[in-house]
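J.: After the sequence you'll find the predicted model.
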Amino acid sequence: MSVWDRLKGSEAAERLCAQMAGREVAHAWLLLGPAGSGKLAAAVAMAASLNCKVAPGEGCGECRECLRVLRRHHPDVHHVVPEGPLIPVGVVRESIIPEAARSPFEGPYKVFIIEEADRMNDEAQNALLKSLEEPQGDTVFILLSEHEQELLETIYSRCRVVRLDAVPEERIVAMLTEEGASNTDALLAARVSDGDLERARTFALDDATSERRRLWLGIPRRLASPVDALDSAAEVIAEAKEVVKRRETLQKEEVTDLAEAMGEGRGTAMARNALATRHKRELRRVEEEILGEAIQSLASFYRDVLVLRVGGTDAVANLDVLEEIESWVGAGEIPDAALVQIIDRCIATRATFTRNANATLQMEALLLEIGRLAPAPSRVGSAW
Ligand SMILES: [Zn+2]
């Protein structure tokens, strides 16, 4: 086993793997490619290879170091993710720069994985530039982006650039079946995740995610009245809170790990505070992700109804609820235009979903709007 197994078939990842094994460790990397092309998986595999104790440079995927990196628990591997629309300059100045100047706690390398690096505005990118220009010998930055035009030329030129390609549907299906998913599940996962390998993998192999998806896909047929819409919104929010709670439990383990790694001595308070801040952000992010997942599932449901109205099942994503989708196709009271409007509204809501806004209100507004535009077919006209 190796931490690179999940990226089999990607030429770019194979090159990266060889570079890690050959100890070609640049201090700054920029991984480019569309969503789901494996940028994050590749970055995590790099971080594990760099810190693996059993097979240094390779990443055995089984030792304590590898496992902690894969579970995002390693005290020397930092994930930086946007808060709402941005990675604020404050995060770069207060969390990244001082942390990057310190030596690793345990492993040979301190790694920063900056997801959606293009969400740093110019000010934030310029702030990061210093650390990229004068790196600590044992610090490695891995920036990920699917919008390279948003990155400053100066950032670009200081990184070793690697491009990853989108993953074709057949390869997703092949990989997932190899990992234990049934053929039907693998195809379904590939379709609903739009060629995004990581999402497909979660869909196919994580029971909690597929259960949640069933919950989201059950919403349209429940929207028979405004009260139903509000109830459904409350359920979505409650589910997101539940996932947040589970993540909190994992975070507590990480705090214990860090305490074990560093002891309680002087100078450790800063690291503990940094971890606490990161955890708080992570929880907000998780909640956003779950709500985004719900919205995306809803959009894909109504999109499938449209797709089925105009043609065959070839382009339908949610193959497992085909019967349900078919029952909506004949609902003549719901015009195509209303479905298009719902999909647009979902996309818009998802795009503006930020931690500052009231998630409950946004979700209620969305579901009320959807219910008004497309009341559940069996009770059309009843309560709206
Ligand atoms: Zn290992």
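T.: On my side now, so go ahead. Residues are numbered from 1 along each chain as shown.

J.: Now do the helices in the stretch 1-150 of the chain.
T.: Assigned by DSSP state H, counting those that start in this stretch, the helices in the stretch 1-150 of the chain fall at 11-21, 39-51, 64-70, 89-91, 97-100, 122-133.

J.: Looking at the stretch 101-250 of the chain, what residue ends up closest to the ion?
T.: G107 (10.5 Å; CB to the ion). To be clear about C-beta, it is placed using only N, CA and C from the backbone, and glycine gets the same treatment.

J.: wait, what's in contact with the nearest residue to that residue once chain neighbours are set aside?
T.: Closest residue to G107 apart from its sequence neighbours, by CB to CB, 6 or more residues apart in numbering: N51 at 3.7 Å. Applying CB atoms under 8 Å, 6 or more residues apart in numbering, one finds that N51 lies in contact with E65, C66, V69, H74, D76, V77, E106, G107, P108, Y109, V111.

J.: tell me which residues in stretch 140-150 are buried?
T.: V140, F141, I142, L143, L144, S145, E146, E150 (16 or more other CB atoms under 10 Å).

J.: just the residues you listed that are near the ion?
T.: Counting by CB under 5 Å from the ion, nothing from the buried residues of stretch 140-150 sits close to the ion.

J.: could these be laid out in TSV, adding pLDDT?
T.: Below are the buried residues of stretch 140-150 laid out as TSV (pLDDT from 0 to 100):
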residue	pLDDT
V140	96
F141	97
I142	98
L143	98
L144	97
S145	95
E146	91
E150	89
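
J.: so G33 touches L164, yeah?
T.: Yes - with contact defined as CB atoms under 8 Å, G33 counts as touching L164 (3.4 Å).

J.: low-scoring pLDDT stretches of this protein, where are they?
T.: Counting by pLDDT under 70, the low-confidence segments of the chain come to 84, 264-267, 354-357, 378-384.

J.: can you give me how far the top strand by length along it is from the chain middle?
T.: As assigned by DSSP state E, the longest strand anywhere in the chain is strand 139-145. Mean C-alpha position of strand 139-145 versus that of the full chain (CA atoms, centre = their mean, to the nearest Å) differs by 16 Å.

J.: re the thing from before, what about the helices of the stretch 1-150 of the chain, which gets the closest to V310?
T.: Shortest distance between V310 and the helices of the stretch 1-150 of the chain, using CB to CB, is found for helix 39-51: 33.9 Å.

J.: Identify each buried residue in the closest one, please.
T.: Neighbour-count burial for helix 39-51, counted by 16+ other CB under 10 Å, picks out 39-51.

J.: Let me see the contact set for the nearest residue to D76 once chain neighbours are set aside.
T.: Distances taken as CB to CB, 6+ apart place P104 nearest to D76, at 4.3 Å, with adjacent residues excluded. Residues counted as contacts of P104 (CB under 8 Å, 6+ apart) are D76, K110, D138.

J.: Now render those as CSV, adding neighbour count.
T.: Output for the contacts of P104, formatted as CSV (neighbours: other CB atoms under 10 Å):
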residue, neighbour count
D76, 26
K110, 26
D138, 17
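
J.: This structure against the ion: which residues are in contact?
T.: Residues of the chain lying near the ion (CB under 5 Å from the ion): C52, V54, C60, C63, C66.

J.: is it true that the second one touches G61?
T.: It refers to V54. No - taking contacts as CB under 8 Å, V54 lies outside contact range of G61: 9.1 Å.

J.: quick one, which of those two is more surrounded?
T.: Between V54 and G61, counted using other CB atoms under 10 Å, G61 has the larger neighbour count: 21 against 13.

J.: Angles on the backbone of the more buried one, please.
T.: Main-chain torsions, G61, degrees, to the nearest 10: phi 80, psi 0.

J.: Which residue ranges of the stretch 151-300 of the chain form strands?
T.: Here the stretch 151-300 of the chain has its strands, by DSSP state E, counting those that start in this stretch, at 160-163.

J.: so what secondary structure elements neighbour the helix or strand hosting T349?
T.: Using DSSP states H and E, T349 falls within helix 336-352. Helices and strands touching helix 336-352, as assessed by 3 or more CB pairs under 8 Å, 6 or more residues apart in numbering; DSSP states H and E, comprise helix 269-310, helix 359-373.

J.: where's N121 relative to A351, distance?
T.: 17 Å (CB to CB, to the nearest Å).

J.: Looking at these two, which is more packed in?
T.: The neighbour count for N121 versus A351, taken as other CB under 10 Å, is higher for N121 (16 against 11).

J.: Quick check: the gap between D122 and I114.
T.: D122 is 15 Å from I114, by CB to CB.

J.: Those two: who's more crowded?
T.: More crowded of D122 and I114, by other CB under 10 Å: I114, with 25 against 12.

J.: who's in contact with that one?
T.: Contacts of I114 by CB under 8 Å, 6+ apart are V80, I87, I96, M120, L128, F141, I142, L143, L144.

J.: Hmm, A124 and the second one touching each other?
T.: Yes - counting by CB under 8 Å, I87 sits close enough to A124 to count as a contact (5.8 Å).

J.: what about these two, which has more around it?
T.: Set I87 next to A124 and count neighbours by other CB under 10 Å: I87 wins out with 24 against 20.

J.: What count of nearby residues applies to the residue of the stretch 151-300 of the chain found nearest the ion?
T.: Residue nearest to the ion within the stretch 151-300 of the chain (CB to the ion): D257, separated by 16.0 Å. Here the number of neighbours of D257 (other CB under 10 Å) works out to 17.

J.: Need phi/psi at the residue lying closest to it once chain neighbours are set aside.
T.: The shortest distance from D257 to any non-neighbouring residue, by CB to CB, 6+ apart, is to H73 (6.0 Å). For H73, the backbone dihedrals are phi -110, psi 0 (criterion: degrees, to the nearest 10).

J.: Alright, that wraps it up for me.
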